[in-house]
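> A structural model of the following input is requested.
(one chain, ligands or ions: 1)
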Amino acid sequence: MVTKWDKQRSEWYYRAVEQSNYPERAVKTLLPLLRKCDSVIDIGAGCGALSIPIARLVKRVTATEPSKWMYALLLRSAKEAGIKNITAYNSGWLKTGVKGGLKSKLKPHDMVLCANLPPDIVCNVNFLSYISKVSGKYVVYLHGAGEWNRFYYDDLYPLLLGRKYIHDGDYLKTYSFLHGQGIFANTKIFEFYLDQPFKDFDDAMDFWRHRLKARLTKRKEKILSDFLKKKLISTRNRSRGAGMTGQSNTLTAPFGLRRAAIMWWKSC
Ligand SMILES: C[S@@+](CC[C@H](N)C(=O)[O-])C[C@H]1O[C@@H](n2cnc3c(N)ncnc32)[C@H](O)[C@@H]1O
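Next comes the predicted model:
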C-alpha cells in the first residue's frame, strides 16, 4: 500500500511520541469508554502510540497500519513493552475495506479507534459505514483542535516557498461531516505536547527538507539553518529503540501546547 509514512518520517514520529504526553493524555480522556470495552481496533495505529497503552487496559487490541515502517516500529515497541495482546496487521483502508496483510475480514470489536487519520479517510461515507459494522459499542475519532504553527510552516512557507501555508482545518471539519451523516458525536478536548526531538542539527535540517518536499537553494538552506538555530533547544534525551539507547544530548523543536478533540458515538 502506498503511504507517505516512509522510514524517516515514521522514525521521527516515533521519537516525538516517545518524548510526548500525547498517549497518556489521549488514553486518560478515553478511559471512561475503555472501562466498558474488552476489545479495540486501532485503525492507522502508527507506531502504537495509543495501541500500546490501550492494550494495558483491555483484553485485546487489533492494530492495522499500512506503512511497513510504522508497522515495524509498532511490533518492536510492543515487544519492548512486553505487550502480548496486540494483533497487528500491515494493512490499511482502501476504498471498500481494511486490506493488506489480513487473512480474513476484521471481526467486530467493542471500540473502533481512528486517531489522526487523513481527513479524506475519516470523512468518507464508505469508511464510516465499514467501521460502524465492525464496532460493537463505540466509534472514536481523534483529530487536532485549533490551529498550531504546524512545524513552523506559518514562518517557513513564506521564507522558503514564497507562499502562505494553508491550514488543513481541524476537528470541526470532521465533526461537520459526521453531523451531515446524522451522527451527533460527543466531544472532549484535551491538551498535550508533541515536540520533535532530533539526533543532531543535520537530522533537524533533514526533517524540514523531507517535510517541505523542496530542493532548497544554498541561500534557502542558510535561511532554514539560521531559522532553526533560533528555534531548536538543547535537551537531555532518555529514549530507547529506533537506534537510540540510554541518555544523550539532543535538539528539540518545541511546538508548544496543542489540543485535540476526541469525538465518540455509540455504534448501535
Ligand atoms: C499521524 S499518524 C497517527 C498514528 C496513530 N493513530 C497516532 O495517533 O499516533 C497517521 C497514520 O495513519 C496511517 N494511515 C494513512 N493512510 C491510511 C489508510 N488508508 N488506512 C489506515 N491508516 C492509514 C499512516 O500510515 C500513519 O501511521
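
> for the residue nearest the centre of the chain, give me its contacts.
Against the mean C-alpha coordinate of the chain, by Cα atoms, centre = their mean, the closest residue is residue 116 at 4.9 Å. Taking Cβ atoms under 8 Å, 6 or more residues apart in numbering, we find residue 116 in contact with 44, 46, 142-144, 260. Any C-beta I mention is one placed from the backbone N, CA and C, and that applies to glycine too.

> what segments of the stretch 101-250 of the chain are strands?
Along the stretch 101-250 of the chain, counting by DSSP state E, counting those that start in this stretch, strands occupy 109-115, 135-145, 186-193, 196-198, 233-238, 247-253.

> and the residue nearest to the centre of the chain, how close does it get to the ligand?
For residue 116, the distance to the ligand (Cβ to the nearest ligand atom, to the nearest Å) stands at 4 Å.

> cool, and residue 213?
Residue 213 sits 17 Å away from the ligand, going by Cβ to the nearest ligand atom.

> close enough to count as contact, residue 232 and residue 200?
No - shown here, residue 232 and residue 200 do not form a contact pair, counting by Cβ atoms under 8 Å, at 10.2 Å.

> mind checking which of the two has more residues around it?
Neighbour count, other Cβ atoms under 10 Å: between residue 232 and residue 200, residue 232 has more, with 18 against 12.

> what pLDDT is listed against the more buried one?
Looking at residue 232, its pLDDT is 97.

> quick one: contacts for it?
Residues near residue 232 by Cβ under 8 Å, 6+ apart: 198, 201, 204, 251-253.

> now do residue 157
By Cβ under 8 Å, 6+ apart, the neighbours of residue 157 are 163-165.

> quick one: name the residues of the stretch 51-200 of the chain near the ligand.
Within the stretch 51-200 of the chain, the positions adjacent to the ligand are 65-67, 70, 92-93, 115-118, 121 by Cβ under 6 Å from any ligand atom.

> find the helix or strand that residue 263 is a member of.
Here residue 263 is covered by strand 257-266, with elements defined by DSSP states H and E.

> in CSV, list the C-alpha atoms belonging to stretch 48-66.
Output of stretch 48-66 as CSV, limited to C-alpha atoms (Å, rounded to 0.1, in the frame of the first residue of the first chain):
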residue,chain,number,x,y,z
GLY,A,48,1.5,2.1,18.6
ALA,A,49,1.2,5.5,20.4
LEU,A,50,-2.3,4.5,21.5
SER,A,51,-2.5,0.8,20.9
ILE,A,52,0.3,0.1,23.4
PRO,A,53,-1.2,1.9,26.4
ILE,A,54,-4.7,0.8,25.5
ALA,A,55,-3.5,-2.9,25.4
ARG,A,56,-2.7,-2.5,29.1
LEU,A,57,-6.3,-1.7,29.8
VAL,A,58,-8.4,-4.0,27.7
LYS,A,59,-8.2,-7.7,26.8
ARG,A,60,-7.2,-7.4,23.2
VAL,A,61,-6.2,-4.8,20.6
THR,A,62,-6.2,-5.3,16.8
ALA,A,63,-3.9,-2.7,15.2
THR,A,64,-3.9,-2.1,11.5
GLU,A,65,-1.2,0.1,10.0
PRO,A,66,-0.4,0.3,6.2
